[in-house]
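>>> Okay, structure incoming, though there's no sequence with it:
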């Protein structure tokens, strides 16, 4: 069972050198930042071995340019639905930037939000707000199992992505803002984006 | 000598399985995205082994929260000085977000921009624009050699960071926007930020 307070690992670390192994880059999760602060406050010296993170890997895998991303956001499960992801996408789009949407997960229940569910939830907010931030005609990029031997990256209109089978977790979603023509070329080559996108590119 | 067009590696890859090894996450650099597009267009199948990137590692090392970063920017060498970094920081700050500034490098000349030089160049733009985006009293975070056995992460006012010795490359700079109190705590614990910052935290 997960120890939410981190008391178990902190207790061990007070006695001997202790390793906490997590997937990805350990400090993308604010929980781990809090745990490290708690350790240092108790006089436990910490050292980090950085890992490859979905934050950079998913962006790299689809061909979009890293420096054109705005704030990252997490799309919650339907029972905790929120307008925050929609608003973050809107804010990023207003200055031409892309948005990386991490998808919620409950590791202890083996529950992972899918790209299909995330797109559905964003389209539901669009249905109410009607700011044309994410319509069924908007291009989105779904990614699954990036970094594994069998990654899937697919770019298509939201209405199509809704029906696309990405297979198992973990999955992520990207909502592009304005695209450079090399980014469009990347999405066509690496993510099977519709070729008609070329005429929209700058 | 570096092959800017990537022709050497593409030529080899047409004949046999070829590996291009680069530091960090390979597709944070748009050059590598372009090379992968060129490969796929010639029918060369590509596969990525993702690596730990400065993009997530530097943020993690200093205790700031990853999802509160806006667009990333590169600060150029003084001979190519530009107002772009200053303007990106201003745009991110206007919505409360932090900015990760990558520092320019010329690997073939073993030339790397330092945190001190980057801060100096931003202060020079402030001197002209006077929008109070980056004054000598603004808190900034410098990081050097993150991921190595001897990383240095230091948070202080820009006027102080100018004089701080970060040692060798590679180095990065972060200009924080609005900070959560846990982020302030992180900067104090991990980056030796002035303790008086606690009163500014939300």
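Ah, there it is. Given the structure is predicted, the values throughout are model-derived calculations rather than measurements.
>>> Looking at strand pairing, list the partners for residue A:171.
Beta bridges link residue A:171 to residue A:144, judged by DSSP bridges.
>>> ah, wrong one, I meant residue A:98
Beta-bridge pairing of residue A:98 under DSSP bridges involves residue A:69.
>>> List the contacts of it.
By C-beta atoms under 8 Å, 6 or more residues apart in numbering or on different chains, the contact list for residue A:98 reads A:64, A:68, A:69, A:70, A:92, A:174, A:175, A:176, A:177. Glycine gets a C-beta too; all of them are placed from N, C-alpha and C.
>>> Next, count neighbours for the third one.
Applying the criterion other C-beta atoms under 10 Å in any protein chain shown, we find 24 residues in the vicinity of residue A:69.
>>> The last one now?
Neighbour count of residue A:177, defined by other C-beta under 10 Å: 17.
>>> Pretty sure it sits against residue A:71.
No - counting by C-beta atoms under 8 Å, residue A:177 does not reach residue A:71; the two are 11.7 Å apart.
>>> which residues are in contact with both of the two?
The contact sets of residue A:177 and residue A:71 overlap at A:92, A:99 (C-beta under 8 Å, 6+ apart).
>>> Give me the phi and psi angles of the nearest residue to residue A:35 once chain neighbours are set aside.
Setting aside the residues directly before and after it, residue A:35 is nearest to residue A:6 in space (C-beta to C-beta, 6 or more residues apart in numbering or on different chains), at 4.2 Å. With angles defined as degrees, to the nearest 10, residue A:6 shows backbone torsions of phi 80, psi 10.
>>> Which strands or helices does the helix or strand harbouring residue A:140 pack on?
If you go by DSSP states H and E, residue A:140 is part of strand A:139-144. For strand A:139-144, the elements it packs on are helix A:54-62, helix A:115-129, strand A:152-157, helix A:158-161, strand A:171-175, helix A:181-191, judged by 3 or more C-beta pairs under 8 Å, 6 or more residues apart in numbering or on different chains; DSSP states H and E.
>>> For these, give me JSON lines that also has mean neighbour count and distance to residue B:186.
Shown next, in JSON lines, are those (neighbours: other C-beta atoms under 10 Å in any protein chain shown; distance: least, C-beta to C-beta, whole Å):
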{"stretch": "helix A:54-62", "mean neighbour count": "27", "distance to residue B:186": "18"}
{"stretch": "helix A:115-129", "mean neighbour count": "18", "distance to residue B:186": "29"}
{"stretch": "strand A:152-157", "mean neighbour count": "21", "distance to residue B:186": "33"}
{"stretch": "helix A:158-161", "mean neighbour count": "18", "distance to residue B:186": "36"}
{"stretch": "strand A:171-175", "mean neighbour count": "27", "distance to residue B:186": "25"}
{"stretch": "helix A:181-191", "mean neighbour count": "21", "distance to residue B:186": "33"}
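>>> closest to residue A:105 out of the ones you listed?
strand A:171-175 (9.5 Å; C-beta to C-beta).
>>> for that closest one, packing partners?
Applying 3+ C-beta pairs under 8 Å, 6+ apart, one finds that strand A:171-175 contacts helix A:54-62, helix A:84-94, strand A:99-103, helix A:115-129, strand A:139-144.
>>> swap the cut-off to 10 Å and go again
Other elements packing on strand A:171-175 under the criterion 3 or more C-beta pairs under 10 Å, 6 or more residues apart in numbering or on different chains; DSSP states H and E are helix A:54-62, strand A:73-75, helix A:84-94, strand A:99-103, helix A:115-129, strand A:139-144, strand A:152-157, helix A:158-161.
>>> From the chain's centroid, how far away is the strand holding residue A:140?
Here the centre of strand A:139-144 is set off from its chain's centre by 10 Å, with C-alpha atoms, centre = their mean, to the nearest Å.
>>> how big is the angle separating that strand from strand A:171-175?
Put simply, strand A:139-144 runs at 160 degrees to strand A:171-175, going by axes from the mean of the first three to the mean of the last three C-alpha atoms, to 10 degrees.
>>> need the helices and strands packed on strand A:171-175 in CSV with mean pLDDT, can you?
Shown next, in CSV, are the helices and strands packed on strand A:171-175 (pLDDT from 0 to 100):
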stretch, mean pLDDT
helix A:54-62, 92
strand A:73-75, 96
helix A:84-94, 97
strand A:99-103, 97
helix A:115-129, 97
strand A:139-144, 98
strand A:152-157, 98
helix A:158-161, 98
